[in-house]
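> Test case, fold it:
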Amino acid sequence: MSLLKQKLAGILPAQIKEIKEFVGANADKKVSEVTLGQAYGGIRGVKALVCDTSEVPPNKGLIIRGKELGEITDKLPEEILWLLLTGELPNSEELADLQADLQKRQDVPTYVWNVLNEMPSDSHPMAMFNSAILVMQRESKFAKNYNDITKAEYWEYTLEDSLDIIAKLPAIAAYVYRKRFDKGDRIDPKPGADLGANYAHMLGLDNEKGDFAKLMRLYLTLHSDHEGGNVSAFSAATVNSALSDMYYSLTAGLNGLAGPLHGLANQECLKWVLETMEKFGGTPTEEQIEKYTWETLDAGKVIPGYGHAVLRVTDPRFTAFHAFGLENCSNDPVFQTVDRVFKVVPKVLDQVEKISNPWPNVDAGSGSLLYHFGLKEFEYYTVLFSVSRAIGICSQAVISRAYGLPITRPKSLPTSKFKELVNG
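Numbers count the residues shown, from 1 in each chain. Below you'll find the predicted structure:
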């Protein structure tokens with residue numbers, strides 16, 4: 001048994017007991033109310049989901065298992081996976097054991113490469129990536145053992161599937177990039193490399209100084225989890241609540257991530273930055289950026305990458321990416337533009353009465369860093385996001401199955417019934 005599984009087997013029983021007692025004693029207590037506007041507004045802000053892996057306080061931003069991002073931006077993705085699952089960072093022995101376990105699982109079945117090779121040449125990278133995951137469903141240990149295991153064992157087989165998937169995703173994602181954009185043959189994993197470094201290696205982009213590997217590690221960490229109510233996490237959790245295995249559940253969530261309103265934001269931000277540079281013939285001055293920002297707002301458009309549905313401060317994920325940029329590519333014209341936009345746009349937006357959050361979110365800067373290292377194919381960016389978010393989605397599923405959470409089944413009503421409720 002791996003050290004991770006031993007750890008979870010040791011800590012979960014007490015957590016499960018505590019939750020059962022807590023819910024049993026307080027099941028009828030009201031924790032949230034729903035307005036008509038929320039019912040017709042995406043159920044935004046309704047407190048009705050359980051997620052112990054992370055939270056996003058409006059005044060702080062992403063917190064993973066009680067740790068603010070500033071505490072963990074130097075950690076490897078494998079350490080973040082351990083943290084999400086257990087609530088603690090691994091020691092050196094535990095980390096080494098997890099990395100060895102993942103490396104044993106990283107071989108991708110040949111039929112996956114065959115499927116990708118047979119897809120139309122103009123397939124969207126996300127369609128290719130999700131197809132590759134879904135075609136591996138035949139490998140699911142949860143599905144194969146479902147009829148012979150107890151409810152108390154669901155988390156163990158969900159963990160097995162999760163580790164199998166997470167171990168294989170960098171190789172699959174890297175080949176999707178190389179195949180879809182004609183970058184050459186598939187590159188095999190580097191023995192002993194961590195998830196982020198291996199992903200960078202298999203993409204085949206310039207990593208002579210190791211800076212691109214550092215970015216991939218940071219990227220996988222910062223996008224790994226973002227509580228349970230976003231489209232990808234909620235979709236995956238809903239499907240998994242029906243006891244669909246992780247191959248079905250993860251692809252459900254990532255198909256949501258492919259939507260323009262969820263996973264395409266960093267592309268739109270980078271496009272706006274590049275359009276700004278084209279308009280001014282290079283990196284614009286702060287005065288030019290201010291003028292163009294007002295022109296954009298006066299035309300009824302938004303500034304991509306600024307504002308957030310939950311946050312009311314600068315997204316700490318943006319802060320981490322921005323710090324990386326200042327250290328590793330401060331002379332890059334695209335990053336310099338992002339930096340100047342950051343200095344100007346919040347001051348402009350703060351003057352607009354209807355804008356409650358003028359601060360940058362994670363998407364405002366991440367695209368410029370990818371662009372700097374030669375990853376300029378915008379369509380691919382959501383695949384990067386997916387490799388990272390899979391870590392959180394899988395972790396949430398393991399915890400939910402351990403807690404024994406039932407199938408998700410909220411109540412829907414027709415408009416006529418809502419009218420009756422409102423009008424009495």
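> how about the strands of the stretch 51-200 of the chain, start to end?
54-55, 63-64, 67-68 (DSSP state E, counting those that start in this stretch).
> What average pLDDT does the last one get?
Pointing back at strand 67-68 there. Mean per-residue pLDDT for strand 67-68: 98.
> who touches that strand?
If you take CB atoms under 8 Å, 6 or more residues apart in numbering as the criterion, strand 67-68 is touched by 60, 61, 83, 316. Where you see a C-beta, it was placed from the backbone N, CA and C, and this is true even at glycine.
> Give me the distance from it to the chain's centre.
Remark: strand 67-68 is offset 17 Å from the chain centroid, using CA atoms, centre = their mean, to the nearest Å.
> can you redo the contacts of strand 67-68 as a markdown table with neighbour count and pLDDT?
Listed next are these as a markdown table, based on neighbours: other CB atoms under 10 Å; pLDDT from 0 to 100:
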| residue | neighbour count | pLDDT |
| --- | --- | --- |
| 60 | 14 | 93 |
| 61 | 26 | 94 |
| 83 | 24 | 99 |
| 316 | 20 | 96 |
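> And for residue 39, the neighbour number?
15 (other CB atoms under 10 Å).
> And for residue 312?
Using other CB under 10 Å: residue 312 sits among 15 other residues.
> Then residue 362?
Quick note: residue 362 (other CB under 10 Å) scores 25 neighbours.
> tell me the phi and psi of it?
Main-chain dihedrals, residue 362, degrees, to the nearest 10: phi -60, psi -30.
> Now do the same contact list for the residue nearest to it when sequence neighbours are not counted.
Using CB to CB, 6 or more residues apart in numbering and skipping the chain neighbours, the partner closest in space to residue 362 is residue 317 (3.7 Å). Listed by CB under 8 Å, 6+ apart, the contact partners of residue 317 are 61, 62, 69, 222, 223, 361, 362, 366.
> one more time with 10 Å, if that's ok
61-62, 69, 73, 218-219, 221-223, 226, 311, 360-366 (CB atoms under 10 Å, 6 or more residues apart in numbering).
> okay, now the domains of this structure?
85-259+380-403, 265-372 (automatic domain parsing).
> Which of those domains comes out lowest on mean pLDDT?
Among those, domain 265-372 scores lowest, with a mean of 94.
> returning to what we had before: for residue 37, find the nearest of the domains of the chain.
domain 265-372 (14.6 Å; CB to CB).
> From one end of stretch 397-408 to the other, what's the distance?
For stretch 397-408, the separation between the terminal residues is 13 Å (CA to CA, to the nearest Å).
> Show me what counts as buried in that stretch.
Of all the residues in stretch 397-408, those buried under the rule 16 or more other CB atoms under 10 Å are 397, 398, 399, 400, 401, 402, 403, 405.
> how about the residue nearest to residue 362, secondary structure?
The assignment at residue 317 comes out as helix when based on DSSP: H, G, I helix; E, B strand; the rest coil.
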